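Participant: Compute the structure for the input listed below.
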Amino acid sequence: MTARNHKIGKGILIKQPSILHWRSLARLFARSFPYLSAADRSYCVREYGSTTWLAFNRGELAGFFTLLLNKSPGVCWIEYVAVDPRFRLSRVALALMDRMDEEAIRLGYNRLEGAVRRDNVKAISFYLKCGWYEVPKEGLHLTYAKDLKTASNPIRPAQSAFAASVLGRALRNIFYRLATVRLD
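Facilitator: Numbering: from 1, shown residues only. I've put the predicted structure just below:
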C-alpha cells in the first residue's frame, strides 16, 4: 500500500483519483451537486491549489472530498464533500472526515473550514457530530470549522500547493475532459 492509499476497516479505501476514476467521479459530483452547471463542476475538480480524495467501499466509488489550499493562512477550506446515498450508513463519511483531518495536518494547516447550505440539516448534524463548530458569518451558507492539532514537522502549504499544481493541474484538466466528453 502506498502513501497515497489509506485502507480503513470494513472494505473502505481512500485514495487520490487516477484517470480511471474521473468518469465515476464526474457522475457522483453531478448527482451530489445538481444545482451546479457542468462547467462549474468541471472547474471545481480542476481548480488550482486543490486536492481531491476518493473513498471506495468494496471497490465502488462511495464518496469524495476536495480541499482548497491556501485560501487563507493556516486554514484549509473544504470545497466539496459528498457520499453516494447508497453508502451513507457505511462509515464512509466518517472515514472521509478522518482522512481530511490527516491530509490538512500533513500539509501544515491548523484549521479546516467549510460552508454548508442552511437547508442541509443532515450535513450540519454530521459536522457537529464530528467535532466541528459554527463560525458566525453572514451569507447564504453556514460556515463550520474544526481546529486541528498541528504536525511536528509540517510541509508548508505554499510548497505543496505549488508542487501539486505544476503537473497535477494539467493532468487533471486532461483526465477530466477525457472522462466527461461523452457525458454532456
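Participant: quick one: low-confidence ranges for this protein?
Facilitator: Applying pLDDT under 70 to the chain picks out residues 1-11, 42-49, 150-184.
Participant: which residues are contacting stretch 122-132?
Facilitator: Ala93, Leu94, Met97, Leu112, Gly114, Val116, Arg117, Leu142, Tyr144, Ala145, Lys146 (CB atoms under 8 Å, 6 or more residues apart in numbering). Yep, even glycine has a C-beta here, placed from its N, CA and C like the rest.
Participant: Show me which residues of it are buried.
Facilitator: For stretch 122-132, the neighbour count (16 or more other CB atoms under 10 Å) marks Ala123, Ile124, Phe126, Tyr127, Trp132 as buried.
Participant: Chain neighbours aside, what residue packs nearest to Gly74?
Facilitator: Take Gly74 and drop its neighbours on the chain: the residue closest to it by CB to CB, 6 or more residues apart in numbering is Asn110, 4.9 Å away.
Participant: what separates the one you found from Lys129, distance-wise?
Facilitator: 22 Å (CB to CB, to the nearest Å).
Participant: do Ser50 as well
Facilitator: Ser50 is 25 Å from Lys129, by CB to CB.
Participant: Quickly run through the sheet partners of the longest strand along the chain, with directions.
Facilitator: The longest strand of the chain (DSSP state E) is strand 60-72. Looking at strand 60-72 with DSSP bridges, its partner strands are strand 50-57 (antiparallel), strand 75-83 (antiparallel).
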